[in-house]
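> Predicted coordinates and the sequence they were generated for:
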There are 2 protein chains.
Amino acid sequence: MEFLVPFDGREPKSRLASVLAADERRELATALLSDVLGAFERTPHEPHVLSTVPIDRPVPTTVDERPLTDAVNAALEDATLPIGVLAGDLPLLTPESICRLAATDGDVVIAPGLGGGTNGLVVRHPDFSVDYHGASCLDHRSIAERRGATVVEFDSRRVATDLDEPTDFVEVLLHGNGKTAAWLRDAGFRLSIDEVGGRVDVDRSTQPPE
Amino acid sequence: MEFLVPFDGREPKSRLASVLAADERRELATALLSDVLGAFERTPHEPHVLSTVPIDRPVPTTVDERPLTDAVNAALEDATLPIGVLAGDLPLLTPESICRLAATDGDVVIAPGLGGGTNGLVVRHPDFSVDYHGASCLDHRSIAERRGATVVEFDSRRVATDLDEPTDFVEVLLHGNGKTAAWLRDAGFRLSIDEVGGRVDVDRSTQPPE
């Protein structure tokens, strides 16, 4: 199955601006895309990057400067169904989770992200379209139902984990073994484990460059 | 398969003390246990509650006042393998996720919780034991490997979602349709959706009683 992989290379990860400088956020976004494309390499499925900027990756790429919703809807209109969508910022994505998503039946399969987003989709219904604003996992369910499509939820922690907020670093440092986890460790981020209280947090041993 | 369901009825959910009074936290813990036991009702698997206090539920129950790790290890020693463990505070647990967990092969199957905990286990190896302190999903992997057991990770957002911190309310209000979600809504908690920034938060319309 072909999977659209939206990637914002312009001003990525703005919600991490409190802890990472702009060039660090771009490096992190690049590492995330590498992890996503690396997971695809060990599957029979083909990523097709939908990027806001030209990129140099050995996979089919469409550059579309429009906002995410417009770019994905344009690509869906041109697509041969079924087609998948997987966000380009999923640090824990595995070949197994991609294959399980592709194998999940349903006119529209929705993989929610933590916090209400939509991190993955499989679209088998010609009238479905996306709207990534707000709590998009709820909106996508409504859109699909209004258009007469069956909706199935895809249940994966690995697909649900993206990297939007500093608190998301915990999951990457706990479970990641790719370029994103390596980048965070190189940048000085470490798990801070409270053995008694049961909380796991993240510390940084160096300050980000100004 | 039998599943141990640890439940703390004494001073549950202490990490929610900043937003919920003690009696509210006990009510919430009761709703959570109801959701977990309700999910089991639509499966062939049998919950066995491991509670710190006597409870009145129509399922096998062992009262053990000791800390979680000691109580679960004592129950594992007495158990016939295979046996599962699922935390009693999983608001999004579904029959499907229980059945998929039970059907996952491996001497020790680990379902991580968000933030490093262990929300579910299937144990098929006689020498495995638990240690719930700190980042227990990492510790459980180490323990299993040291004892010569194969380890398989179980990938489920629904099993990974527990209810320890106020930020966890978002997931329940987005995806829950059981007693926990109803309790939170009755208590005045509502999703607050920022359509532009993409963030989803929670507001409370009434103050908790003193």
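Thanks, I have the structure now.
> Provide the partner residues of residue A:83 in its beta bridges.
Bridge pairing for residue A:83 (DSSP bridges) gives the partners residue A:2, residue A:123.
> where's it relative to chain B, distance?
For residue A:83, the distance to chain B equals 23 Å [CB to the nearest CB, to the nearest Å]. Placement of C-beta: from N, CA and C, glycine included.
> next one: residue A:113
Taking CB to the nearest CB, one finds residue A:113 at 9 Å from chain B.
> Write out the residues of chain A neighbouring chain B.
A:15, A:94, A:96-97, A:100, A:112, A:114-117, A:132-135, A:137-138, A:155-160, A:164, A:167, A:170-171, A:174-175, A:191, A:193-200 (CB under 8 Å from any CB of the partner chain).
> Quick one: buried ones out of these?
A:94, A:97, A:100, A:112, A:114-117, A:132-135, A:137-138, A:155-160, A:164, A:170-171, A:174-175, A:191, A:193, A:198-200 (16 or more other CB atoms under 10 Å in any protein chain shown).
> buried stuff in stretch A:45-65?
A:45, A:47, A:48, A:49, A:50, A:51, A:52, A:61.
> nearest spatial neighbour of the fourth one, skipping sequence neighbours?
Counting by CB to CB, 6 or more residues apart in numbering or on different chains, residue A:61 is the residue found nearest to residue A:49 once chain neighbours are left out, at 4.4 Å.
> so the one you found touches residue A:47, yeah?
No. If you go by CB atoms under 8 Å, residue A:61 and residue A:47 don't touch, sitting 9.3 Å apart.
> Spatially central residue for chain A, please.
With distances taken as CA atoms, centre = their mean, the residue of chain A nearest its centroid is residue A:87 (2.9 Å).
> Can you name the residues that contact that residue?
Going by CB atoms under 8 Å, 6 or more residues apart in numbering or on different chains, residue A:87 touches A:5, A:6, A:36, A:113, A:119, A:120, A:162.
> check contacts around the closest residue to residue A:79 other than its chain neighbours.
Sequence neighbours aside, residue A:2 is the residue nearest to residue A:79 in space, at 7.3 Å (criterion: CB to CB, 6+ apart). The neighbours of residue A:2, taking CB under 8 Å, 6+ apart as the test, are A:45, A:46, A:47, A:48, A:79, A:80, A:83, A:84.
> Return the lengthiest helix in chain A as PDB; C-alpha atoms alone will do.
Longest helix of chain A, by residue count under DSSP state H: helix A:22-41. Output of helix A:22-41 as PDB, limited to C-alpha atoms (Å, rounded to 0.1, in the frame of the first residue of the first chain):
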ATOM      1  CA  ALA A  22      15.100  26.600  15.600                       C
ATOM      2  CA  ASP A  23      18.100  24.800  14.000                       C
ATOM      3  CA  GLU A  24      17.700  22.000  16.600                       C
ATOM      4  CA  ARG A  25      14.000  21.700  15.800                       C
ATOM      5  CA  ARG A  26      14.900  21.300  12.100                       C
ATOM      6  CA  GLU A  27      17.500  18.600  13.000                       C
ATOM      7  CA  LEU A  28      15.000  16.800  15.100                       C
ATOM      8  CA  ALA A  29      12.300  16.900  12.400                       C
ATOM      9  CA  THR A  30      14.900  15.400  10.000                       C
ATOM     10  CA  ALA A  31      15.700  12.600  12.400                       C
ATOM     11  CA  LEU A  32      12.000  11.900  12.800                       C
ATOM     12  CA  LEU A  33      11.500  11.600   9.100                       C
ATOM     13  CA  SER A  34      14.500   9.300   8.900                       C
ATOM     14  CA  ASP A  35      12.900   7.000  11.500                       C
ATOM     15  CA  VAL A  36       9.600   6.900   9.700                       C
ATOM     16  CA  LEU A  37      11.200   6.200   6.300                       C
ATOM     17  CA  GLY A  38      13.500   3.600   8.000                       C
ATOM     18  CA  ALA A  39      10.500   1.700   9.400                       C
ATOM     19  CA  PHE A  40       9.000   1.600   5.900                       C
ATOM     20  CA  GLU A  41      12.200   0.000   4.500                       C
END
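> Quick one: residues contacting the nearest residue to residue A:193 once chain neighbours are set aside.
Counting by CB to CB, 6+ apart, residue B:134 is the residue found nearest to residue A:193 once chain neighbours are left out, at 4.7 Å. Residue B:134 makes contacts with A:193, A:194, A:195, A:198, A:200, B:116, as judged by CB under 8 Å, 6+ apart.
> Looks to me like the third one is in a strand.
When you say that, I think you mean residue A:195. No. Looking at residue A:195 with DSSP: H, G, I helix; E, B strand; the rest coil, it is coil, so not inside a strand.
> Hmm, it is touching residue B:136, no?
No. Counting by CB under 8 Å, residue A:195 stays clear of residue B:136, with 10.0 Å between them.
> Packing partners of the lowest-mean-pLDDT helix or strand in chain A?
The weakest-scoring helix or strand in chain A, judged by mean pLDDT, DSSP states H and E, is strand A:200-204 (a mean of 88). Secondary-structure packing of strand A:200-204 (3 or more CB pairs under 8 Å, 6 or more residues apart in numbering or on different chains; DSSP states H and E): helix A:169-175, strand A:189-193.
> mind listing what it pairs with, with the direction of each?
Paired neighbours of strand A:200-204 in the sheet (DSSP bridges): strand A:189-193 (antiparallel).
> quick one: low-confidence ranges for chain A?
Residue ranges of chain A with pLDDT under 70: A:196-198, A:206-210.
> roughly how far apart are the residue nearest to residue A:124 when sequence neighbours are not counted and residue B:96?
Leaving aside its sequence neighbours, residue A:124 sits nearest to residue A:82 (CB to CB, 6+ apart; 4.4 Å). Separation of residue A:82 from residue B:96 (CB to CB, to the nearest Å): 22 Å.
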